[in-house]
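In: Got a sequence here, can you build the structure:
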Amino acid sequence: MRTRLLGWIPFVFLAIAVGLYPLIYYIVDMHDKGFLTNKPAALQADPVWHLAFYAHITFGGIALLTGWSQFSPRLRARYLNTHRWLGRVYLVAVGFASLAGLYLSYFATGGITCSTGFGTLALLWLGSAIQAYSSIRRLDIDRHRDWMIVNYSLTFAAVTLRIWLPILQYHVFHEFITPYRIVSWWSWVPNLAVALLIIRKRRRLGIKA
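Out: Okay, the predicted model is just below:
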């Protein structure tokens with residue numbers, strides 16, 4: 001139990017920290033900082049792109065902040081109504097964030113590699129959310145749990161991207177584009193692989209939602 005709790009602490013901390021990160025874009029002028037540094041001024045001035053960017057980071061942050069608690073059996077059992085409402089908020093947030101992300105992927109820095117990487121992520125993120133919602137509507141709790149594990153692993157790409165990108169940029173390649181092309185895939189493919197392994201293990205052990 002103690003080991004499992006220790007594993008939860010960094011997971012929850014990173015989800016909350018990165019989930020709150022978009023607030024800085026509302027507090028500080030970030031047009032020449034962070035990811036926007038690599039975007040041309042004309043694109044930043046495009047109102048549709050600008051709206052999509054803020055929708056993506058805002059709803060993505062909400063998804064990170066609300067999603068982690070859905071996997072705690074203790075919280076779910078004690079606060080079932082809260083679990084259900086947070087689940088609705090989470091899936092709506094993923095819906096908006098993934099659609100915005102799909103649009104943004106067309107303009108991704110790094111060319112076709114990044115566009116296909118982030119675009120594929122957005123499609124899988126949206127598709128697994130739809131599957132999670134459809135399964136709970138059918139009262140198929142086990143399938144709902146599996147799809148939510150898959151979906152949050154993709155949500156967590158926001159965290160793993162921010163871990164891997166600075167490591168690759170500042171300690172391996174010493175430039176931005178190559179690391180960004182790598183993390184457009186590496187930020188979510190290993191997450192998805194881990195999610196599928198977790199689902200497989202739960203099924204083998206007969207663990208229910």
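
In: give the contact list for the residue sitting nearest the centre point of the chain.
Out: When the chain is reduced to its mean C-alpha position, the closest residue under CA atoms, centre = their mean turns out to be Thr155, at 1.7 Å. Thr155 is in contact with Gly60, Ala63, Leu64, Gly67, Val94, Trp125, counting by CB atoms under 8 Å, 6 or more residues apart in numbering. C-beta here means a position set from N, CA and C on the backbone, and glycine is covered the same way.

In: Measure how far the host helix or strand of the third one is from the centre of its chain, please.
Out: Here Leu64, judged by DSSP states H and E, is contained in helix 47-67. Averaged C-alpha coordinates place helix 47-67 at 10 Å from its chain's average position (CA atoms, centre = their mean, to the nearest Å).

In: Buried residues, that helix. List them.
Out: Within helix 47-67, the residues scored as buried using 16 or more other CB atoms under 10 Å are 49, 52-53, 55-67.

In: need the contact list for the nearest residue to His56 once chain neighbours are set aside.
Out: Excluding the flanking residues, the one nearest His56 by CB to CB, 6 or more residues apart in numbering is Ala100, at 3.9 Å. Taking CB under 8 Å, 6+ apart as the criterion, Ala100 is in contact with Ala52, Phe53, Ala55, His56, Phe59.

In: Go again with 10 Å.
Out: Residues near Ala100 by CB atoms under 10 Å, 6 or more residues apart in numbering: Trp49, Leu51, Ala52, Phe53, Tyr54, Ala55, His56, Ile57, Thr58, Phe59, Gly60, Ala122.

In: Go through the residues you listed and name the one nearest Leu161.
Out: Gly60 (10.9 Å; CB to CB).

In: That closest one and Ala97: what is the separation?
Out: Separation of Gly60 from Ala97 (CB to CB, to the nearest Å): 4 Å.

In: what touches both of the two?
Out: Trp125, Thr155, Ala158.

In: Can you lay out the residues you listed as TSV showing distance to Ile9 and secondary structure?
Out: Shown next, in TSV, are the shared contacts of Gly60 and Ala97 (distance: CB to CB, whole Å; DSSP: H, G, I helix; E, B strand; the rest coil):
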residue	distance to Ile9	secondary structure
Trp125	25	helix
Thr155	19	helix
Ala158	19	helix
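
In: So what does Asp29 look like in phi/psi?
Out: The phi/psi pair for Asp29 (degrees, to the nearest 10) reads phi -70, psi 110.
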